[in-house]
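Visitor: any chance you could fold what I've pasted below:
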Amino acid sequence: MLVANTLCRFFHGAALIHFSAISCSKLTLQSEDNCKTIEDPKILSTSAPASTNCLLGNFEESVLNGRIEPVGVVEGFTVEIGAGGTFCPKHVTLPVIAYFFQLSDDNAPSPYLGYVNLEPLGRRGYHIPRTGTVQVTLFNPNKTVVKMFVVMYDLSDMPANCQTFLRQRTMYTPVDTNSSDPSYLRYLIHLRFQSSKSGKIYLHTDIRLIFARDKFEFDPQVANYELRSFTEGPENPKFSPKR
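Guide: Next comes the predicted model:
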């Protein structure tokens, strides 16, 4: 599906990048050594539910759902996944496919879309407590920490055989909450949860990430900005039956 006439913005360094979203049925992936074309509906599909407060076709939804065609992929990123609550499941390490995009004519660095396939953990996924904290630590190919996502959740009221999601954004926001200055997306994690017939809770299918490629940081004393994280999920209904 073509998402046309959509202008979006993402903050990278000091640049605001504007782009028009395009369809993504085929991914042409270029690296320094080769160029290949792949088709994998499991990787980029419409399976990531829409955000509760974002319009269809904006940057976030377009990237997460594969509506913008990537120009390349970087191998070597990994994540370590853990959780805590009434029990602590064993931490697992999985590879991340990191796609990047060309979103402007001046070749300003685009964000990465990171895709983590959870299928190696089994049919149900990664078993977690009904209430607790999910920790996902992202490492670059040099094994340096890029971002540690810590997402608190409470699924104690989740019925059996249901699914839901949580999305956490880390934003550069003005220190003054009454300021009219804009906020800028820096990191995002999209987690999908499902419950079994017996009521056990699992992270399932995949984890999707958006993270900046550059290392620019605001000087809060100069720019009056700071990093803040916001977590949200669906409401009315909070849960939906498993497909």
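Visitor: which stretches of the protein form helices?
Guide: Along the chain, the segments classed as helices by DSSP state H run 59-64, 220-223.
Visitor: excluding chain neighbours, give the residue nearest to Gln135 in space.
Guide: Among residues not flanking Gln135 along the chain, Gly82 sits closest, at 4.7 Å (Cβ to Cβ, 6 or more residues apart in numbering). C-beta here means a position set from N, CA and C on the backbone, and glycine is covered the same way.
Visitor: if I look at that neighbour, what pLDDT would I see?
Guide: Looking at Gly82, its pLDDT is 98.
Visitor: and for Arg186?
Guide: Looking at Arg186, its pLDDT stands at 89.
Visitor: for Gly114, same thing?
Guide: We have a pLDDT of 96 for Gly114.
Visitor: that one - how many residues pack around it?
Guide: A count of nearby residues for Gly114, using other Cβ atoms under 10 Å, gives 24.
Visitor: ok, the closest residue to it other than its chain neighbours - how many residues close by?
Guide: Closest residue to Gly114 apart from its sequence neighbours, by Cβ to Cβ, 6+ apart: Leu209 at 3.5 Å. By the criterion of other Cβ under 10 Å, Leu209 has 24 neighbours.
Visitor: hmm, Val116 and Leu209 touching each other?
Guide: Yes. In this structure Leu209 lies within contact range of Val116 using Cβ atoms under 8 Å: 7.3 Å.
Visitor: lowest average confidence, helix or strand, in this protein?
Guide: Between all helices and strands in the chain, the lowest mean by mean pLDDT, DSSP states H and E belongs to strand 15-19, at a mean of 26.
Visitor: and the helices of the chain, which one is worst for confidence?
Guide: When the helices of the chain are compared on mean pLDDT, helix 220-223 scores lowest, with a mean of 57.
Visitor: which regions of the chain sit below the pLDDT cut-off?
Guide: For the chain, applying pLDDT under 70 flags the ranges 1-57, 104-109, 214-223.
Visitor: residue contacts, Leu121?
Guide: By Cβ atoms under 8 Å, 6 or more residues apart in numbering, Leu121 lies in contact with Val92, Leu94.
Visitor: distance of it from Pro234?
Guide: Remark: distance between Leu121 and Pro234 (Cβ to Cβ, to the nearest Å) = 24 Å.
Visitor: again with Val150
Guide: Distance, Val150 to Pro234, using Cβ to Cβ: 21 Å.
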